[in-house]
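**Student:** got a predicted model here, sequence first, then my questions.
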Amino acid sequence: MEDVEVLVRRMQAGDMDAFDQIFAMYQSRLLRTAWLISGNYADSEDIVQETFVKCYCNCGKLKNPAVFSAWLYQILTRTAWRYGRKQNRETPVEQFYDEDIQQDPDSSPLEQVLKKEVQQDLYRSILALDQKQRTVVILYYFNELSTKEIGRITGCLEGTVKSRLYTARKSLEQRLRKEQVAWIEERLMP
Amino acid sequence: MDRGTFDALMRQTLKDQAEKVSMPEARKQQIYEAVAECRKVPACQTQPDGQAGACCRKEEHSMKKSGKWKVLPVAAALCILGTMAVMAAGKIVGYSSSHDVNQPDFATYADMARADEAAGFAVKVPEKFDNGFSFDRGFLIEEKAHDENGEIVDTFPVVSVFYKKGGESLTLDIKQVRPEWSETTTGNPRSIQYGDKTLVYSEDHYRFVPPDYQITEEEQKAVEAGELYVSYGSSQVEDSIVCFLQWTEGDVQYILLGDGSTGLGMDGMVEAGKQIIDSPEL
């Protein structure tokens, strides 16, 4: 696989083979990011399609191919936000969190159940965050981007990213604790 | 909960969740087709001034899932032809089409003689207008009708003709009326009677914007009110007024359109329309 910068320059010159390679490199991660941000699977496919079309059609505007990845994620997140505003619909959490959590052979069945419950509660809480907080959380924890990179992508100062992360963490921790307490009370108390 | 445990839990939760989805092959193909469609028109590749090509703007437009659709005449000279504003009574909510502007089906005016046979209906196409615009090239386009989900539910031929005068262009689209669809013209329509024909003139306000442009609340209200059409893909925000003149002759519909820079205005567009009506069929 060629270097991304080289591929981007070739794509800018209209080379479809370079686009194919870029597509292969990014499609899975973009789809998963779009799904986590939008919370809707059907939308996430549309978001990724729109992102790649915009990428190909507008790649000539990208002056510095070294920042291609951030540029691509910027298109993706803004497209996802637009879909989010447009659709403004909730999908039942069951759609997101069914029974196929990967099993950990080192954990007991009870621990696995507990872990699943905690993850389920946590993910429900992530979905309840506002769109921009949720995006920062996903780019940080799932895409493993730095706060500086997230700032570039979301068009805000690094300090704002840190602030959103801090607020989101606090909110998630609080909600998780409440959820866990509720779960314990519901299931374990006589 | 300590920070390390919390962060690890977050990463694992999102990873587990994300791994449930993957891109279906059918969607991959759809994406390649969408990009290839964009690629068909040479102007699609970013132009020297950094402006995205016309097809990109159209591509953006054709992604709309609902509401009014209008394929745009664009500021950057020879581009995708425009079609008309259509609101449907049935399930048709918009039209789209694309073609390579550098590969006309009718390269000369003499070639237009076979347009009626190719399209399946008779057309009137003058070689030039009194206002100085003259034939540049013609196309036989397959126009697609979309339902509210963006699915193609019908296709039909459109004869589309470019007229040029210096750097300005006019477009004439001709197609058969689809009686099962009703149409509403936006943009403050005004009717002009010419013999037994009723010509309808309208103007619409377009705003070309960059791909990541965020529509303001005010713009959104204007879009919803049918007072503004936003088209993505431009390198900067540009406004343009697009003029439409349309009428029907028998079961054939004519749509003449040009942007405000032609300087024709309502009177000039109507005069050009009258010339088309008075022309003999090819």
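**Tutor:** Arrived safely.

**Student:** elements contacting the one helix or strand residue B:257 maps to?
**Tutor:** Element membership of residue B:257 [criterion: DSSP states H and E] is strand B:252-259. Using 3 or more CB pairs under 8 Å, 6 or more residues apart in numbering or on different chains; DSSP states H and E as the contact definition, the elements that strand B:252-259 packs against are strand B:168-176, strand B:238-249, helix B:265-278. Just so you know, the C-beta spots here come from the backbone N, C-alpha and C atoms, and that holds for glycine as well.

**Student:** okay, now the sheet partners of it, with direction.
**Tutor:** strand B:168-176 (antiparallel), strand B:238-249 (antiparallel) (DSSP bridges).

**Student:** tabulate the ones you listed (CSV), appending mean neighbour count and mean pLDDT.
**Tutor:** Listed next are the strands paired with strand B:252-259 as CSV, based on neighbours: other CB atoms under 10 Å in any protein chain shown; pLDDT from 0 to 100:
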stretch, mean neighbour count, mean pLDDT
strand B:168-176, 22, 90
strand B:238-249, 19, 88
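
**Student:** show the pLDDT at the closest residue to chain B within chain A.
**Tutor:** With CB to the nearest CB as the measure, the residue in chain A that lies nearest chain B is residue A:60; the distance is 2.7 Å. Residue-level confidence at residue A:60 comes out at 83, pLDDT.

**Student:** run through chain A and note the low-pLDDT ranges.
**Tutor:** For chain A, residues meeting the criterion pLDDT under 70 lie at A:1-2, A:86-112, A:114-115, A:177-190.

**Student:** can you do 50?
**Tutor:** Judged against pLDDT under 50, the low-scoring parts of chain A cover residues A:89-102, A:184, A:188-190.

**Student:** what's the answer for chain B, then?
**Tutor:** Checking chain B against pLDDT under 50 turns up B:41-90, B:182.

**Student:** where does the record place the domain boundaries for it?
**Tutor:** With automatic domain parsing as the criterion, the domains of chain B are listed as B:1-40, B:55-278.

**Student:** pick the most buried one from those domains.
**Tutor:** For the domains of chain B, the largest average neighbour count (mean count of other CB atoms under 10 Å in any protein chain shown) is found in domain B:55-278, namely a mean of 18.

**Student:** and the gap between the residue nearest the centre of chain A and residue B:166?
**Tutor:** Among the residues of chain A, the smallest C-alpha distance to the mean C-alpha position (CA atoms, centre = their mean) belongs to residue A:33, namely 3.2 Å. Plainly put, residue A:33 is 48 Å away from residue B:166 if you go by CB to CB, to the nearest Å.

**Student:** do the same with residue B:104
**Tutor:** Residue B:104 sits at a distance of 19 Å from residue B:166 (criterion: CB to CB).

**Student:** same thing with residue B:139?
**Tutor:** For residue B:139 relative to residue B:166 (CB to CB), the value is 21 Å.

**Student:** follow-up on the earlier one: TSV for the domains of chain B, including distance to residue A:128?
**Tutor:** As requested, the domains of chain B are arranged in TSV below (distance: least, CB to CB, whole Å):
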stretch	distance to residue A:128
domain B:1-40	14
domain B:55-278	23
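
**Student:** ok, now which ones touch residue A:175?
**Tutor:** The neighbourhood of residue A:175, defined by CB atoms under 8 Å, 6 or more residues apart in numbering or on different chains, consists of A:121, A:125, A:128.
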